[in-house]
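**Q** Attaching a predicted model along with its sequence, questions to come.
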Amino acid sequence: MRDLSSGPGRLLVFVYGVFAVAATGRSLVQLGTDAGRAPLAYSLSLLAAVIYLVATTCLLLGGPLAWRVAVAACSVELAGVIVVGVLSYVVTGWFPDKTVWSHFGQGYGFLPLVLPFAGLAWLRRTRPGAERG
Amino acid sequence: MGAVLVLALVTLVAIGVLLVRNEPAGDPMFVLLAVVEVVLLVQLVVGVVLLSSTDRDVSGVLFVSYLVGVVLALPIGAFWSLAERSRAGTAVLGAAVFTAVALELRLWAIWGGAGA
């Protein structure tokens, strides 16, 4: 099994790391300064932050267990960005302020939408038992 | 602040050229990154000074955290890319500079009065 953080994985870890920091910082600032304004949106920001942190950590650690957790994290992330993306267009009232995932990550150049696909593709190539990535 | 953006975009293009040619990032690239980093450090100092003397409605904590964040992006990216002296490593450098550009743009917006 290939190291999860080598080759293209190295880029992936960096980008996940950036998003982990960005989402954590943003959600903490939002919840800390004005939590009442958009509790749902800000909580989702925090959830996104935690998932990015988990994905980053698992990619760094490597190994079969981390691989499985990373798949779960990326799957939740994919579901999250799609569900929140749709909801933010359909039920606009729930999202008075933007989050990482609202409008399919528009505020972040749609990278939050691309990232889980890239993550899952990379995890598929590095799945335990695969001869080479 | 405009100089930062221009310099960062030039660096981004240079990294793009390396990526297309599939060449590893050499000393000239790291010198260029170092120059950008020095300019960012100057920006950090100037930014804090400006913040302390402005009467605009700028969110101070947010502004300083972005000033610091944009300084951190390149060293972390450069360090992270060193263990992978390949195309992926160069791509990490590109991602780091791109991150710096994105943070720089947010920095401008925050200076203009935007919130989190």
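**A** Received the coordinates, thanks. Residues are numbered from 1 along each chain as shown, chains lettered A, B, ... in the order given.

**Q** Contact partners for B:Leu93?
**A** With contact set as CB atoms under 8 Å, 6 or more residues apart in numbering or on different chains, B:Leu93 has these partners: B:15, B:25, B:29, B:33, B:77-78, B:81. Any C-beta I mention is one placed from the backbone N, CA and C, and that applies to glycine too.

**Q** Tell me where chain B has helices.
**A** With helices called from DSSP state H, chain B shows them at B:2-21, B:27-53, B:60-82, B:87-111.

**Q** winner for burial among the ones you listed?
**A** Ranked by mean neighbour count, those are led by helix B:87-111 with a mean of 21 (mean count of other CB atoms under 10 Å in any protein chain shown).

**Q** chain center to that one, what's the gap?
**A** Centroid displacement of helix B:87-111 relative to its chain, using CA atoms, centre = their mean, to the nearest Å, is 5 Å.

**Q** Please work out the angle formed by the directions of that helix and helix B:27-53.
**A** 20 degrees (axes from the mean of the first three to the mean of the last three CA atoms, to 10 degrees).

**Q** ok, and the closest non-adjacent residue to the most centrally placed residue in chain B?
**A** Nearest to the mean C-alpha position of chain B, counting by CA atoms, centre = their mean, stands B:Ala100 at 3.0 Å. Leaving aside its sequence neighbours, B:Ala100 sits nearest to B:Ala73 (CB to CB, 6 or more residues apart in numbering or on different chains; 4.5 Å).

**Q** Switch the contacts of B:Leu93 over to JSON lines; also include pLDDT and distance to chain A.
**A** Listed next are these as JSON lines, based on pLDDT from 0 to 100; distance: CB to the nearest CB, whole Å:
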{"residue": "B:Ile15", "pLDDT": "95", "distance to chain A": "12"}
{"residue": "B:Ala25", "pLDDT": "89", "distance to chain A": "13"}
{"residue": "B:Met29", "pLDDT": "93", "distance to chain A": "16"}
{"residue": "B:Leu33", "pLDDT": "95", "distance to chain A": "15"}
{"residue": "B:Gly77", "pLDDT": "94", "distance to chain A": "6"}
{"residue": "B:Ala78", "pLDDT": "94", "distance to chain A": "11"}
{"residue": "B:Ser81", "pLDDT": "91", "distance to chain A": "7"}
